[in-house]
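A.B. asks: no FASTA, just this:
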């Protein structure tokens with residue numbers, strides 16, 4: 001259709017973007033409240049929480065280092081090895097049984113297959 005736009009309003013604003021635009025002008029006031037909460041006249045736990053928030057906002061949260069070990073597993077190779085072991089267990093120990101079966105098939109040449 002001419003003139004039709006599937007997303008006429010553009011990308012929708014996220015809740016975070018809306019909150020930023022709404023409270024950005026109040027940022028100095030909000031920081032002042034945090035500084036008041038970090039004052040020595042407040043309980044220690046309030047001071048610690050406020051100080052943590054101030055530092056997180058001003059210098060950023062500390063990086064978290066994750067020490068991980070990864071292992072690559074070849075599932076197809078494991079499956080193939082298991083199938084070979086299972087097949088080897090099913091095979092007769094000597095070639096005599098295979099020859100006997102071949103002789104049975106040769107002897108039954110007069111069997112009609114439909």
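C.D. replies: Okay, I see it. Since the structure is predicted, the reported quantities are computational estimates derived from the model, not experimental observations.
A.B. asks: CA atoms for contacts and neighbours, from now on please.
C.D. replies: Will do.
A.B. asks: what mean pLDDT would you report for the helix or strand containing residue 53?
C.D. replies: Secondary structure from DSSP states H and E places residue 53 in helix 44-58. Mean pLDDT, helix 44-58: 93.
A.B. asks: Go through it and flag the buried ones.
C.D. replies: Neighbour-count burial for helix 44-58 flags 46-47, 50-51, 53-54 (criterion: 16 or more other C-alpha atoms under 10 Å).
A.B. asks: Output the contacting helices and strands for it.
C.D. replies: Contact partners of helix 44-58 among helices and strands, from 3 or more C-alpha pairs under 8 Å, 6 or more residues apart in numbering; DSSP states H and E: helix 27-37.
A.B. asks: Who are the packing partners of the helix it packs on?
C.D. replies: For helix 27-37, the packing partners by 3+ C-alpha pairs under 8 Å, 6+ apart are helix 44-58.
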